[in-house]
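Peer 1: Fold the following.
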Amino acid sequence: MGRGGQSSRPPVVIWLPAAVVALAISLPIAYLALRASGAGGEVWDLFFRTRTLAILGRTVALVVAVTAVSAAISLPLAWLTTRTDLPWRKTWSVLTALPLVVPSYVLGFAVVAALGPRGVLQQALGSLFGLERLPEIYGFPGALLAITAVAYPYILLTVQASLRGLDPCVEEVSRSLGHGQWDTFRRVVLPQLRPALAAGSLLVALYALRDFGAVSLLRYETFTWAIYLQYQTSFDRMLAAALSLVLVAIAIVILIAEARTRGGGRYHRSAAGVSRTPAISCLGRWRWPALAFCSLVVLFALAMPVGVIGYWMVRGVAAGESLQAAWMPALNSAYVSALAAAATALAAVPVVFMDVRFPGLISRLLERATYIGFALPGIVIALALVFFGANYALFLYQTLGMLVFAYAVLFLPQAVGPMRASLLQVSPRLEEVARSLGRSPARVLAAVTLPLLRPGILAGAALVFLTTMKELPATLLLSPIGFKTLAVSIWSTTSEAFFARAAFPALLLILLSSVPMAFLVNRERKGRS
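Peer 2: Below you'll find the predicted structure:
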């Protein structure tokens, strides 16, 4: 028997789509294995070179640091914006999540422009105190700042959704037994947040593992940069595929660590019924430090890159740059991102349902495998699909369908994580009641489970939409001829150092991504109020 008394064998409406998803996510790994196998003994020599081991150390250090700092930022932010009387907390909920829409290469450029040795901060300090040069921001410090600033919302959004779905009865019992606010949070709330924290931290860790824009701009060599250089400087892609397999190995280690962290507990409500809003905690004298903390995060992660973009846009408009060319890429970006969000959320449903309701070796391996694609650079996924399309599915080559398929493989974990955290909070007894009334598994899924999964589905779809808006390598290689997005426009102009021309597309990308983010955050809050 499965969890909650269900049959250990999932219905066909679940296992058949899950099998299709498993086949899809296996394509990039099969491509890498095929390419790397052609390198022969050179692969092992490459693995144990001093330079490869040094890159491994730098990559792991960055992943660990970004994940730890992101969790340290996100947990207090999530609590402040959902459980306290923080002034303007609805506004802070939106503002603290918006850095997710900023591409890492834009944030990296902002870090250099603002905090570099001769950046805006140095110029201000130079005029006031005669400071001629700031310390170097390149390398690990700059990469840590840039990636953390755009990645921490993965944890923030997941923990916020989980906090809004927790049963307040358990906290009330703890309070009635004489435990204070902090003790209740530490003993009762925090353990229930483990799945959400683990899911969000996993996304952050894999994002740091696969990021290319920030690490290349800030000159911190990780595996993604090394893979890109190998592809660029050599006609032989076998060694680059071998380096990509190292990324797969690191991702597997991260997945094992996350599985141990999340635990196997049940987190759904003890009884069915209408959800109640938990009591709001009074900050008292901590109100001003809390406001300062939120302001500092938003200032660095959002206001600084937007300010840098605005500065270059003003310069571009003053120099006569036209703004008309960005509108069609903006429409293309919104259209393909919406398709990718819908397709990825749909593909995540059977994976999550199998893992939570029908646990076993196969379902667990399937859920874990979805994260492998997210760990790989977009260029690797794109090349795998180019190889597949050119050799086995020519009718899909350079079509919008292939591009959306690539996005789904890349960003499936972003839908799986929040959805899994939500399903863990849904009691299986509700589905058992519906089955006892004679409804088929498909009708139970559509009429009972999916409506209860709405918070997780919306959060996952929003994450996929936002990440698709700024995805670059897969879009460059797989877009249909003439299909240009904002990410491609920004990259093509910044790569030629036309920063003023890139400013308006970058600002437009942020604004377009901010509208659905604000809508979803406010809608989720209203749904829980």
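
Peer 1: drop to CA atoms for contacts and neighbour counts, all remaining ones
Peer 2: Noted.

Peer 1: count of neighbours near the closest residue to residue 217 other than its chain neighbours?
Peer 2: Nearest residue to residue 217 in three dimensions, chain neighbours excluded: residue 108, at 6.4 Å (Cα to Cα, 6 or more residues apart in numbering). Residue 108: 26 surrounding residues under other Cα atoms under 10 Å.

Peer 1: Need the pLDDT of residue 108.
Peer 2: Per-residue pLDDT puts residue 108 at 79.

Peer 1: Check residue 402 too.
Peer 2: 90.

Peer 1: gap between the helix or strand containing it and the chain center?
Peer 2: If you go by DSSP states H and E, residue 402 is part of helix 400-423. Once both centres are worked out by Cα atoms, centre = their mean, to the nearest Å, helix 400-423 turns out to sit 10 Å from its chain's centre.

Peer 1: Assess the claim that residue 106 and residue 305 are in contact.
Peer 2: Yes. Residue 106 is in contact with residue 305 according to Cα atoms under 8 Å; the separation is 6.9 Å.

Peer 1: count of neighbours near residue 286?
Peer 2: Residues near residue 286, counting by other Cα under 10 Å, number 11.

Peer 1: Need the phi and psi values for it.
Peer 2: Dihedral angles of residue 286 (phi, psi; degrees, to the nearest 10) stand at phi -90, psi 0.

Peer 1: Please apply the same query to residue 377.
Peer 2: According to degrees, to the nearest 10, residue 377 has phi -60, psi 150.

Peer 1: One more: residue 283?
Peer 2: Torsion angles, degrees, to the nearest 10, at residue 283: phi -80, psi -30.

Peer 1: Please tell me how far it sits from residue 425.
Peer 2: Relative to residue 425, residue 283 is positioned 28 Å away (Cα to Cα, to the nearest Å).

Peer 1: coming back round to it: wait, the residue nearest to residue 217 sits on residue 212?
Peer 2: No. Contact criterion Cα under 8 Å: residue 108 and residue 212 do not qualify, at 10.6 Å.

Peer 1: Okay, residue 411 and residue 405: tell me how far apart.
Peer 2: For residue 411, the distance to residue 405 - Cα to Cα - is 10 Å.

Peer 1: Which parts of the stretch 101-250 of the chain are helices?
Peer 2: With DSSP state H, counting those that start in this stretch as the criterion, the stretch 101-250 of the chain has helices at 104-115, 120-129, 140-151, 153-165, 168-176, 181-184, 190-192, 194-210, 213-217, 223-233, 238-262.

Peer 1: Residue 465: which of those helices is closest?
Peer 2: Residue 465 lies closest, by Cα to Cα, to one member of the helices of the stretch 101-250 of the chain: helix 153-165, at 13.0 Å.

Peer 1: can you pull out the helices in the stretch 401-529 of the chain?
Peer 2: 428-436, 441-444, 450-452, 454-470, 473-478, 486-494, 499-528.

Peer 1: Any chance of a markdown table for those, columns distance to residue 294?
Peer 2: A markdown table is the format used below for those (distance: least, Cα to Cα, whole Å):
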| stretch | distance to residue 294 |
| --- | --- |
| helix 428-436 | 38 |
| helix 441-444 | 42 |
| helix 450-452 | 31 |
| helix 454-470 | 21 |
| helix 473-478 | 33 |
| helix 486-494 | 29 |
| helix 499-528 | 17 |
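
Peer 1: Out of these, which one sits most buried?
Peer 2: helix 454-470 (a mean of 26; mean count of other Cα atoms under 10 Å).

Peer 1: And that helix, what does it pack against?
Peer 2: Here helix 454-470 touches helix 153-165, helix 327-357, helix 400-423, helix 486-494, helix 499-528, going by 3 or more Cα pairs under 8 Å, 6 or more residues apart in numbering; DSSP states H and E.

Peer 1: Turn the ones you listed into TSV, including distance to residue 244.
Peer 2: Shown next, in TSV, are the helices and strands packed on helix 454-470 (distance: least, Cα to Cα, whole Å):
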stretch	distance to residue 244
helix 153-165	24
helix 327-357	24
helix 400-423	14
helix 486-494	23
helix 499-528	29
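
Peer 1: quick one: contacts for the residue nearest to residue 217?
Peer 2: Contact criterion Cα atoms under 8 Å, 6 or more residues apart in numbering gives 142, 143, 146, 213, 214, 217, 218 as the residues in contact with residue 108.
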